[in-house]
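1. would you be able to build a 3D model of this:
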Amino acid sequence: FPIETAIAGVPGLNYTRSISRYGLSQVTVVFEDGTDIFFARQQVNERIQSAKSQLPPGIEPQLGPLATGLGEIYMYAVEPKKGARKPDGSEWTAIELRTLSDWVVRPQMRTIPGVAEVNTIGGYTKQYHVTPNPQQLAALKLSLTDIVDALEGNNANKGAGYVERAGEQILFRVPGQAKDETD
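-> You can find the predicted model right below:
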């Protein structure tokens, strides 16, 4: 907010937008077409410096590189090679490719310096649906609350603390997430 407020009124300013996630805030400043980019950057830099006193201690705002709106986005696709098979011999499905992207590719890409966020689109998200049968529940003297409680208890990770050893912290957790229909 202090940065956006300080930038308001810069000559040639079209609009600003911002996002804050994971301890990182980004303010994007968009100028009217034809604005001298170096003049605009100088104006924004001066405004940022004037707003520094309003930021929390230890926060050091930085002006990003010259970029267009398209410079913020890199799109990629996860596709199997032609004829590729899984270890069991079956073909890769859209659900499996999406899962691979979400749980393998995305976390690795987020470790690349300068990458603030990776959003996955496409494919199908793996889902498990619980569709209770009211008659069977009644026969077993169970309620929907019993099902919700059982699912919540069976689908959570619990932190179990840590042990300090030789100057290192070894973290413990109790994984309890459902992996398939049986769980």
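2. alpha carbons only for contacts and neighbour counts from here, please
-> OK.
3. all strands for the protein, in order.
-> 13-21, 24-31, 158-165, 168-174 (DSSP state E).
4. so which of those comes closest to V78?
-> With Cα to Cα, the closest approach to V78 among the strands of the chain belongs to strand 13-21: 25.2 Å.
5. flag every buried residue along that closest one.
-> L13 (16 or more other Cα atoms under 10 Å).
6. just checking, what packs against that strand?
-> On a contact count with 3 or more Cα pairs under 8 Å, 6 or more residues apart in numbering; DSSP states H and E, strand 13-21 meets strand 24-31.
7. what pairs with the strand it packs on, parallel or antiparallel?
-> strand 13-21 (antiparallel) (DSSP bridges).
8. ok, back up a step: need the winner for burial among the strands of the chain.
-> Ranked by mean neighbour count, those are led by strand 24-31 with a mean of 15 (mean count of other Cα atoms under 10 Å).
9. tell me which residues are up against that strand.
-> With Cα atoms under 8 Å, 6 or more residues apart in numbering as the test, strand 24-31 has contacts from 3-4, 12-20, 40, 116.
10. picking that back up, need the strands of the chain in TSV (columns: mean pLDDT and distance to P134).
-> What follows is these, written out as TSV (pLDDT from 0 to 100; distance: least, Cα to Cα, whole Å):
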stretch	mean pLDDT	distance to P134
strand 13-21	85	42
strand 24-31	85	47
strand 158-165	73	31
strand 168-174	73	33
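11. can I get those strands in TSV including distance to L144?
-> Below are the strands of the chain laid out as TSV (distance: least, Cα to Cα, whole Å):
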stretch	distance to L144
strand 13-21	35
strand 24-31	40
strand 158-165	24
strand 168-174	26
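12. so which of those is nearest P57?
-> strand 24-31 (14.7 Å).
13. now that closest one, how far from the chain's geometric center?
-> Put simply, strand 24-31 sits 18 Å off its chain's centre (Cα atoms, centre = their mean, to the nearest Å).
14. rewinding a little: quick one, which of the strands of the chain gets closest to K81.
-> Closest among the strands of the chain, once you apply Cα to Cα, is strand 13-21, at 34.6 Å.
15. what does the longest helix seen in the chain contact?
-> As assigned by DSSP state H, the longest helix anywhere in the chain is helix 37-51. With Cα under 8 Å, 6+ apart as the test, helix 37-51 has contacts from P2, I3, A6, I7, V10, P11, G12, F31, P61, L63.
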